[in-house]
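>>> coords please:
(one chain, ligands or ions: 2)
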Amino acid sequence: MATSTTSLNVPSLNPKLSSSLSISSTPQFSVSSLNLRTHGRGTRRFIVLATAGLDAKPTVLVAEKLGAAGLDLLKEFANVDCSYNLSPEELNTKISLCDALIVRSGTKVSREVFESSGGRLKVVGRAGVGIDNVDLAAATEHGCLVVNAPTANTVAAAEHGIALLAAMARNVAQADASVKAGKWLRNKYVGVSLVGKTLAVMGFGKVGTEVARRAKGLGMHVIAHDPYAPADRARAIGVELVTFDEAIATADFISLHMPLTPTTSKMLNDETFGKMKKGVRIVNVARGGVIDEEALVRALDSGIVAQAALDVFTKEPPSPESKLVQHENVIVTPHLGASTVEAQCLVAPVSSLVLPLVNHGSDLRDIMPFHVSLQQVLSELKPYVILAEKLGRLAVQLVTGGSGVKSVKVTYASARAPDDLDTRVLRAMITKGIIEPISSVFVNLVNADFTAKQRGVRITEERIVLDGSPEAPLESIQVQIANVESKFASAISDTGEIRLTRVGSFEVDVSLEGSIILCRQVDQPGMIGKVGSILGQENVNVSFMSVGRIAPRKQAVMAIGVDDQPSKQSLQRIGEIPAIEEFVFLKL
Ligand SMILES: NC(=O)C1=CN([C@@H]2O[C@H](COP(=O)(O)OP(=O)(O)OC[C@H]3O[C@@H](n4cnc5c(N)ncnc54)[C@H](O)[C@@H]3O)[C@@H](O)[C@H]2O)C=CC1
Ligand SMILES: O=C(O)C(=O)COP(=O)(O)O
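Residues are numbered from 1 along each chain as shown. Ligands and ions are numbered 1, 2, ... in the order given. Just a heads-up that it's a prediction; the model follows:
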């Protein structure tokens with residue numbers, strides 16, 4: 001196979017350079033020139049590509065009760081389907097009709113959910129902190145963003161932790177039940193004091209820190225274990241960071257505040273209970289899975305653990321017959337940590353994060369740039385974002401057997417300092433442009449790198465730092481695909497909008513909109529008519545036509561813009577016109 005390099009170059013996309021054409025409706029941008037170069041000759045054939053349409057108003061499935069503020073916000077911009085208590089099967093069925101899903105901790109967003117969505121689901125909003133109920137790997141693979149409200153319920157969770165701590169120490173729940181049952185057991189429910197006791201906070205993050213602060217206010221001696229927490233943050237509130245073993249061996253009370261991960265799963269187990277001080281009391285408002293629940297029952301029965309106060313369980317709701325739930329030294333709440341009026345008001349606006357789905361055009365809707373600066377993308381990168389995808393699309397369509405693309409080099413020429421320009425979104429869009437035309441994979445900012453890697457496409461980026469005013473973010477983007485066989489030997493450049501102005505040594509003038517047919521032929525009368533009449537026969541509107549030639553009756557390149565997509569048969573007929581030596585159909 002002959003190898004070649006396909007290179008597309010946009011020398012300038014500076015709004016100031018030209019006022020001739022806009023790439024998007026707002027703001028008005030123009031491109032001074034587009035330069036496309038390929039080397040090598042390819043076979044004569046064409047490809048037809050389809051693009052999927054997108055609904056104007058997205059549908060958001062709210063699968064768990066959300067605060068009114070969040071719902072109202074959503075209803076203004078989206079079709080909102082509030083369906084609570086769905087079975088996994090019902091969720092899998094509904095999800096194929098939804099662009100976004102909002103959940104709390106009670107909905108398992110499994111791989112099947114993403115698979116069932118058929119690529120439509122673009123964002124999962126978690127109205128709360130823990131995202132252990134969402135299969136993040138599957139979300140990434142399916143190009144779906146997961147957003148949460150990481151601080152909204154911190155205080156609520158911490159307050160619930162303190163409530164459980166105090167209620168457990170003073171047997172509030174058991175004493176309450178016994179009084180209601182007509183008993184008056186003042187000796188049975190003698191509690192223990194908190195003041196002067198050692199509390200080990202396991203997981204010194206947002207909730208853990210707030211619990212520590214409050215426990216100090218109650219006169220407790222607070223230590224903490226967290227392998228990732230900075231010692232100065234702990235020191236600042238008078239908390240000593242210690243090792244795991246030291247924490248559990250010295251604590252009178254242990255309060256759990258780490259996330260559920262493969263590392264923290266069943267962190268408290270037979271072995272670790274064995275290292276604890278006899279009579280320790282445990283509070284868990286983190287996740288049930290961080291405790292081996294059967295081991296906890298054994299530790300309670302043996303007296304190692306005197307009491308436990310649990311808000312969370314491995315399986316929620318737990319079985320009513322659960323030995324743990326029924327244990328007389330255990331008090332339980334039904335995952336109420338975040339359930340305050342105030343916290344629910346604060347988590348509800350997570351729904352606002354799905355609004356970019358609605359507010360921006362389909363171009364940006366596809367990339368969902370939550371974790372790049374939306375402002376930057378909208379205000380200055382937007383035209384480049386669109387262009388980047390088009391460059392990727394063009395490049396791959398000029399390559400014979402697009403799936404053979406393995407090595408892509410992107411060169412950005414800019415007067416901006418490298419850290420003043422976030423190119424992730426551009427790289428993602430180039431990847432999208434390269435991969436989508438040759439596969440059924442939906443690519444966006446979330447899964448672009450993953451998808452490229454999975455398909456063995458290596459994308460390297462290079463910066464050319466230019467002198468001069470860094471006002472415009474970019475002077476040029478160049479996409480080069482290495483070691484591939486080119487289908488069409490050509491090159492492009494010049495003026496105005498995004499225009500194709502040169503094909504090899506042939507000057508043409510073509511707007512890069514809609515679709516383009518590029519033909520190389522021997523210059524002769526009647527060529528335009530022949531192609532035009534084939535297109536006319538099936539009512540395909542020609543938006544422009546441009547012929548570039550070296551000399552009369554010698555080699556020429558004809559670029560024909562079409563508003564509608566010609567049928568395969570028409571394209572085949574064009575390709576078969578005897579004078580046409582090279583032919584390609586490019587869908588932009
Ligand atoms: N019961 C409820 O309704 C609520 C439960 N939560 C849960 O509380 C937990 C903590 O939430 P935040 O404080 O907001 O999270 P965070 O991310 O601020 O803090 C978690 C801390 O755990 C630490 N950590 C990670 N691995 C650890 C390990 N192996 N040992 C010790 N520490 C480790 C991290 O370094 C981090 O500092 C989460 O699981 C969250 O889902 C949060 C809010 C409400
Ligand atoms: O935010 C969290 O991590 C919680 O556990 C709160 O869960 P919820 O939103 O009340 O189902």
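>>> Every contact and neighbour count from this point should use C-alpha atoms.
OK.
>>> Up against ligand 2, what does this protein have?
104-106, 127-130, 338-339 (C-alpha under 6 Å from any ligand atom).
>>> Considering only these, which also neighbour ligand 1?
Within those, those near ligand 1 by C-alpha under 6 Å from any ligand atom are 129-130, 338.
>>> Please export the C-alpha coordinates of stretch 75-86 as CSV.
Taking C-alpha atoms only, stretch 75-86 is exported to CSV below (Å, rounded to 0.1, in the frame of the first residue of the first chain):
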residue,chain,number,x,y,z
LYS,A,75,-39.5,22.2,33.0
GLU,A,76,-38.7,25.6,31.5
PHE,A,77,-36.3,24.1,29.0
ALA,A,78,-36.9,20.4,28.7
ASN,A,79,-39.6,17.7,28.5
VAL,A,80,-39.5,16.4,32.0
ASP,A,81,-40.6,12.8,32.8
CYS,A,82,-40.8,12.3,36.6
SER,A,83,-41.0,8.5,37.0
TYR,A,84,-40.1,7.3,40.5
ASN,A,85,-39.5,3.7,41.7
LEU,A,86,-38.8,2.3,38.2
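>>> which residues touch that stretch?
57-65, 74, 355, 358 (C-alpha atoms under 8 Å, 6 or more residues apart in numbering).
>>> Could you count how many residues lie near the residue in the stretch 301-450 of the chain that ligand 2 sits nearest to?
Here the residue of the stretch 301-450 of the chain nearest ligand 2 is residue 338; by C-alpha to the nearest ligand atom that distance is 4.6 Å. Counted with other C-alpha atoms under 10 Å, residues neighbouring residue 338 total 24.
>>> Can you list phi and psi of it for me?
The phi and psi values for residue 338, taken as degrees, to the nearest 10, are phi -100, psi 0.
>>> any idea of the pLDDT on residue 37?
You'll see residue 37 listed with a pLDDT of 25.
>>> Then residue 88?
At residue 88, the predicted lDDT confidence score is 97.
>>> Number of residues surrounding it?
Neighbours around residue 88, by other C-alpha under 10 Å: 15.
>>> quick one: residue 396 and residue 434 touch, right?
Yes: using C-alpha atoms under 8 Å, residue 396 is in contact with residue 434, at 5.4 Å.
>>> I'd guess residue 308 is in a strand, am I close?
Yes: judged by DSSP: H, G, I helix; E, B strand; the rest coil, residue 308 forms part of a strand.
>>> dump the residue contacts of it.
168, 281-284, 329-331.
>>> can you check residue 114 too?
Here residue 114 is in contact with 121, 138-139, 142 (C-alpha under 8 Å, 6+ apart).
>>> could you redo the last one with a cut-off of 7 Å?
138-139, 142 (C-alpha atoms under 7 Å, 6 or more residues apart in numbering).
>>> repeat for residue 221
196-199.
>>> switch the cut-off to 8 Å
So residue 221 contacts 196-199, 215 (C-alpha under 8 Å, 6+ apart).
>>> So which of those belong to strands?
Using DSSP state E to define strands, the subset of the contacts of residue 221 located there is 198-199.
>>> By neighbours, which of the contacts of residue 221 wins?
residue 199 (27 neighbours).
>>> wait, what's in contact with that residue?
Here residue 199 is in contact with 215, 220-223, 251-255 (C-alpha under 8 Å, 6+ apart).
>>> ditto for residue 323
So residue 323 contacts residue 297 (C-alpha under 8 Å, 6+ apart).
>>> ok, now how distant is it from residue 208?
28 Å (C-alpha to C-alpha, to the nearest Å).
>>> With residue 567 instead?
Distance from residue 567 to residue 208, counting by C-alpha to C-alpha: 63 Å.
>>> Looking at the two, which is more packed in?
residue 208 (27 against 13).
>>> which non-adjacent residue is nearest that one?
Among residues not flanking residue 208 along the chain, residue 257 sits closest, at 5.4 Å (C-alpha to C-alpha, 6 or more residues apart in numbering).
>>> My understanding was that the one you found contacts residue 211; is that so?
No: between residue 257 and residue 211 there is no contact under C-alpha under 8 Å: 9.1 Å.
>>> anything in contact with each of those two?
If you check residue 257 and residue 211 against C-alpha under 8 Å, 6+ apart, the residues they both contact are residue 201.
>>> quick one: contacts for the residue of the stretch 401-550 of the chain found nearest ligand 1?
The stretch 401-550 of the chain approaches ligand 1 most closely through residue 446 (21.4 Å), counting by C-alpha to the nearest ligand atom. Contact analysis of residue 446 by C-alpha under 8 Å, 6+ apart lists 140, 143-145, 367.
>>> before we move on, could you check phi and psi at the residue nearest to the spatial centre of the chain?
In the chain, the C-alpha nearest the mean C-alpha coordinate belongs to residue 145, at 2.8 Å (C-alpha atoms, centre = their mean). Backbone torsions of residue 145, given as degrees, to the nearest 10, read phi -80, psi 140.
>>> Quick one, grab the pLDDT at it.
Reported pLDDT for residue 145: 78.
>>> who's the nearest residue to it once chain neighbours are set aside bridged to?
Once flanking residues are discounted, residue 145 sits nearest to residue 123: 4.6 Å by C-alpha to C-alpha, 6+ apart. Taking DSSP bridges as the rule, residue 123 bridges to residue 100, residue 145.
>>> Would you agree residue 265 is in contact with residue 293?
No: using C-alpha under 8 Å, residue 265 is not in contact with residue 293, being 11.1 Å away.
>>> Look at those two and report which has more neighbours.
residue 293 (21 against 18).
>>> Return the per-residue confidence for that one.
Residue 293 is assigned 98 on the pLDDT scale.
>>> Torsion angles phi and psi at it?
Torsion angles, degrees, to the nearest 10, at residue 293: phi -70, psi -30.
>>> Quick one: residues contacting it.
Taking C-alpha under 8 Å, 6+ apart, one finds 314, 324 in contact with residue 293.
>>> how near is it to ligand 1?
16 Å (C-alpha to the nearest ligand atom, to the nearest Å).
>>> Also residue 276?
Counting by C-alpha to the nearest ligand atom - residue 276 and ligand 1 are separated by 16 Å.
>>> Go ahead and confirm that residue touches residue 254.
No: between residue 276 and residue 254 there is no contact under C-alpha under 8 Å: 9.8 Å.
>>> what's the overlap in contacts for these two?
With C-alpha under 8 Å, 6+ apart as the test, residue 276 and residue 254 both reach residue 248.
>>> element containing residue 463?
Residue 463 is part of strand 458-465, with elements assigned from DSSP states H and E.
>>> if we can go back for a sec, near ligand 1 too, which of the contacts of stretch 75-86?
Within the contacts of stretch 75-86, nothing lies near ligand 1 by C-alpha under 6 Å from any ligand atom.
>>> sec struct for whichever residue of the stretch 451-588 of the chain sits closest to ligand 2, please.
For the stretch 451-588 of the chain, the residue closest to ligand 2 is residue 451, as judged by C-alpha to the nearest ligand atom, at 29.5 Å. Following three-state DSSP, the label given to residue 451 is helix.
>>> what number of residues lie near residue 269?
Counted with other C-alpha under 10 Å, residue 269 comes out at 18.
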